[in-house]
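generate a structure from the sequence data that follows.
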Amino acid sequence: MRRLAPVALAAVAAALLAACGGGEDDAVTTSSAPEPTEASAASTPSPTALPTLAGATAPPTSPTDVTPAAVVAGRVTAVSAGCVEVTTDDAVVWSLSGEAHAVVGDTVLAKVAPLAEGVASCGPGRGARLESLEVAGG
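Predicted coordinates for the structure are as follows:
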């Protein structure tokens, strides 16, 4: 029986070592995760390569900042009694009938309505009736 004890102890030690990795260096471990495929590797961004967007295919065909038809946005280019002249970014001149508290050079947002039947424009630009005028930054 004394002879079996060292053999049994050696067998148990060998089984424990085999179960724990067989005495390999603990700092080096192998991963059981599957290797990444080309598709998953391509979708994972590189830490050094920045993602880029594709270039535009063509310029927009219509304005991207559409202003409602009843709104005129631009710069005041003339002020007279009962008339304000506003020039838009597209170089369209509007002659707006109505009282406004704006000075030449102000950037404004004006809500307008069509002139009444038979009423002429107060200036050389497109005529409209001024309903409200908001000075930008004011």
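
use CA for all of it now, contacts and neighbours both
Noted.

ok, the closest residue to Gly123 other than its chain neighbours - how many residues close by?
Among residues not flanking Gly123 along the chain, Ser95 sits closest, at 5.2 Å (C-alpha to C-alpha, 6 or more residues apart in numbering). When neighbours are counted by other C-alpha atoms under 10 Å, Ser95 registers 23.

is Ser95 bridged to anything, and to what?
Glu85, Gly127 (DSSP bridges).

got the contact list for it?
Ser95 makes contacts with Cys83, Val84, Glu85, Val86, Ser121, Cys122, Gly123, Pro124, Gly125, Arg126, Gly127, Ala128, as judged by C-alpha atoms under 8 Å, 6 or more residues apart in numbering.

I'd like those residues as CSV, with distance to Thr107 and pLDDT appended.
Listed next are the contacts of Ser95 as CSV, based on distance: C-alpha to C-alpha, whole Å; pLDDT from 0 to 100:
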residue, distance to Thr107, pLDDT
Cys83, 16, 94
Val84, 12, 95
Glu85, 12, 96
Val86, 9, 96
Ser121, 21, 92
Cys122, 20, 93
Gly123, 19, 91
Pro124, 20, 92
Gly125, 17, 93
Arg126, 18, 94
Gly127, 19, 94
Ala128, 18, 95
